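Colleague: Got a predicted structure plus its sequence, pasted below:
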Amino acid sequence: MAKPGTSRWKLALTIVAGLALGAGSAVWATRASGMGGEDFDGWSGSRVTGSPDADPWLRARVAFAGLLALQRSQAIYFTARADSEGQPLREECRYRVSGGPIPGKWWSVTVYAADNYLPINSDDALSFDATEVKPDAAGNWTALAATRPEAGQPWVSTRGAGRFDMTLRIYQPDKSAQDDYGSIPMPKISRLDCGGRA
């Protein structure tokens, strides 16, 4: 016959184990599945991020990723994890990021390491934005994503990023961009070389 209180301990342990297993699986699911959404020329974006229509899993992924998801009229977000050839973005490679006019009041591109945090380095160059690029007459611009800057080019540092991704934020996007993400001319990420080799 079980001693008094044994069944209470078993119940308590079962509850604690269940909570731990549930929390662990939730963390794994939200981290493993990323931000979800549709693909737009290599950049993924969700039409419901920051809206009341977002389901609990998307809200949890937003919380884990540290993405401040404003409403779509205020900002829209896209993430690229690969270059234009479909290869994962890696710290040891240099990339040219190029684009044209982006339909919004302001925009930025930021590098995030694999843990969804900013890379730890002292370069003070973890993003570039609309005020730093130098568009030509047609509005086309280029920037460099690499561990070191190059003279005359806007630069985002990937030093300490390992396998990384880039997040494009478009603030106060045009109504046409809000309504149709497919109409947005997404920047292209071209790999220049890796470890000094093309």
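Modeller: Good, I have the coordinates.
Colleague: Below-threshold pLDDT in the chain: ranges please.
Modeller: Scanning the chain for pLDDT under 70 picks out the ranges 1-7, 11-14, 16-36, 47-70, 196-198.
Colleague: Which stretches in it count as helices?
Modeller: Secondary structure of the chain, counting by DSSP state H: helices at 6-32, 56-65, 175-179.
Colleague: hang on, Lys105 packs against Tyr171?
Modeller: Yes - contact criterion Cβ atoms under 8 Å: Lys105 and Tyr171 qualify, at 5.7 Å. Any C-beta I mention is one placed from the backbone N, CA and C, and that applies to glycine too.
Colleague: So which of these two has more stuff around it?
Modeller: Using other Cβ atoms under 10 Å as the criterion, Lys105 and Tyr171 rank with Tyr171 on top: 15 against 12.
Colleague: Please report how far the more buried one lies from Ile189.
Modeller: 21 Å (Cβ to Cβ, to the nearest Å).
Colleague: Please look at Glu92 and Cys194 and confirm they touch.
Modeller: Yes - contact status for Glu92 versus Cys194: in contact at 5.5 Å, counting by Cβ under 8 Å.
Colleague: Enumerate every residue touching Ser73.
Modeller: Gln172, Pro173, Gln178 (Cβ atoms under 8 Å, 6 or more residues apart in numbering).
Colleague: what sits against the first one?
Modeller: Put plainly, it is Gln172. Per Cβ under 8 Å, 6+ apart, neighbours of Gln172: Ser73, Gln74, Ala75, Gly104, Lys105, Trp106.
Colleague: What's opposite the closest residue in space to the last one that isn't next to it in sequence in the beta bridge?
Modeller: Take Trp106 and drop its neighbours on the chain: the residue closest to it by Cβ to Cβ, 6 or more residues apart in numbering is Tyr171, 4.6 Å away. When bridges are taken as DSSP bridges, the partners of Tyr171 come out as Ala75, Trp106.
Colleague: the strands in this structure, which residues?
Modeller: 38-40, 43-45, 75-80, 93-99, 104-112, 127-129, 141-146, 155-157, 165-173, 188-194 (DSSP state E).
Colleague: what angle separates the third one from strand 104-112?
Modeller: By that I understand strand 75-80. 40 degrees (axes from the mean of the first three to the mean of the last three Cα atoms, to 10 degrees).
Colleague: Packing partners of strand 75-80?
Modeller: Secondary-structure packing of strand 75-80 (3 or more Cβ pairs under 8 Å, 6 or more residues apart in numbering; DSSP states H and E): strand 43-45, strand 165-173.
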